[in-house]
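Chemist: Next one to model:
(one chain, ligands or ions: 1)
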Amino acid sequence: MTALLDVDGLSVAFGRGGRVLDRVSLEARSGEVLGVIGETGSGKTTLARAVVGLSPVTAGRITVDGTELTGLRGRALRDYRRSGAVQYLFQDPLRSLDPDLTVRDLVAEPLAVTGAGSREQRAERAAAALRQVGLDPALADRLPGRLSGGQRQRVSIARAVVTRPRLLLADEPVSALDASNRNHVLRLFDRLRHELDVAVVVISHDLSSLAGIADRIAVLYRGRVVEQGPTAEVLSRPLHPYTALLTASAPRLRREPGLPPERLRALGPRPAWSGAGAEGGPGSGCGFAGRCPFVADACREAPAAQRRAGGREVACHHADNWHDGLTEPALTTH
Ligand SMILES: Nc1ncnc2c1ncn2[C@@H]1O[C@H](COP(=O)(O)OP(=O)(O)OP(=O)(O)O)[C@@H](O)[C@H]1O
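Modeler: Numbers count the residues shown, from 1 in each chain. Below you'll find the model as predicted:
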């Protein structure tokens, strides 16, 4: 099946700050939730912003539903943005909602921008979107300041789905919510991707949040995708040592018996290798080289290219054999 979102060899650089994303490739299909996991500064938000045309792309292609966004300019780009085919849910739902607009106007606003329908028709579609995210349309006259955190996040989601998008990007959608609201919002994404046949990209630094809803996971480390594949496989049989470290640090996850947590925790944290890029950027070698017990000269010289390995992708020079090293007693002393 063709991917709805196809990111191919994407690089992003901010002025003199250097590269933040380095040849990132990933894809998401209709009706699928792709989880993008990575620690602070790994480039998750930059990636999402690149898809909506807000990051300075220096190389690569972004294609959504057959339209190459990186090739759009001027009016074509403006029209595409206004169509609402791609919606981006900002990290902070309180700050991203205009405090002076009612819930009705907030949710109808993306339709007003495209000039879709009459005011009444837009209000009707806004009410339908509110119901779709599990909110009572009676809340439509409220201002966002009078809503709970969970309700505000749902209003943001209603605002995103009202344009019937093909792709929904959600940046840390649950990190500001308590456990109960977190589960509700994650279940909501799960329902919406079926109901709307939309591709959903959920960005998070928390593997446990993603584990329950993502069909596939892409692991970002210092601006590069180090691993990508079906969630259950990535979590139970990580192909990259960094993914193994992540799974070891998320105690609620299931993992294969051969990867005992105490061994995996021995993989980090360690001081960053001095050859890596400034401020956590991609650098010239593998970004994980400074923390990896399996590091070899090849890792310091150049990062491994993303390569396919049985329905999965990995970028590690030692993907095929680092598991063997876990049985060496020396590793447990790090
Ligand atoms: N507008 C910008 N100008 C310069 N550097 C930027 C800009 N935006 C992001 N960066 C840098 O890009 C890197 C990646 O940032 P990004 O926000 O994408 O990471 P992230 O994985 O989303 O982190 P977090 O989880 O903290 O949001 C950081 O080093 C950041 O300082």
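Chemist: Return the residues in contact with the residue nearest in space to the middle of the chain.
Modeler: Geometric centre of the chain, nearest residue: I203, 2.8 Å, by CA atoms, centre = their mean. Residues in contact with I203 (CB atoms under 8 Å, 6 or more residues apart in numbering) are 35-36, 44-45, 47-48, 169-172. Every residue, glycine included, has its C-beta placed from N, CA and C.
Chemist: go on, D206?
Modeler: D206 touches 37, 175, 250, counting by CB under 8 Å, 6+ apart.
Chemist: Now with 7 Å, please.
Modeler: S175 (CB atoms under 7 Å, 6 or more residues apart in numbering).
Chemist: what does S30 give?
Modeler: So S30 contacts 4, 197-199 (CB under 7 Å, 6+ apart).
Chemist: again, only this time at 10 Å
Modeler: 1-5, 65, 166-167, 193, 196-200 (CB atoms under 10 Å, 6 or more residues apart in numbering).
Chemist: Same check on L4?
Modeler: By CB under 10 Å, 6+ apart, L4 lies in contact with 27-32, 34, 63-66, 166-167, 197-199.
Chemist: How about the contacts made by A199?
Modeler: Applying CB under 10 Å, 6+ apart, the residues near A199 are 3-5, 27-34, 64-65, 86, 165-169, 193.
Chemist: Roughly how far does the residue lying closest to G38 once chain neighbours are set aside sit from E233?
Modeler: Among residues not flanking G38 along the chain, L220 sits closest, at 3.5 Å (CB to CB, 6 or more residues apart in numbering). Separation of L220 from E233 (CB to CB, to the nearest Å): 18 Å.
Chemist: S204 too?
Modeler: 19 Å.
Chemist: higher neighbour count, the two?
Modeler: S204 (24 against 15; other CB atoms under 10 Å).
Chemist: Now do the same contact list for the nearest residue to that one once chain neighbours are set aside.
Modeler: Leaving out its chain neighbours, the residue that sits closest to S204 by CB to CB, 6+ apart is L210, at 5.2 Å. For L210, the contacting residues are 33-37, 174, 186, 202-204, 217, 231, 235, 250, by CB under 10 Å, 6+ apart.
Chemist: mind redoing it with 7 Å?
Modeler: So L210 contacts 35, 37, 202, 204, 217 (CB under 7 Å, 6+ apart).
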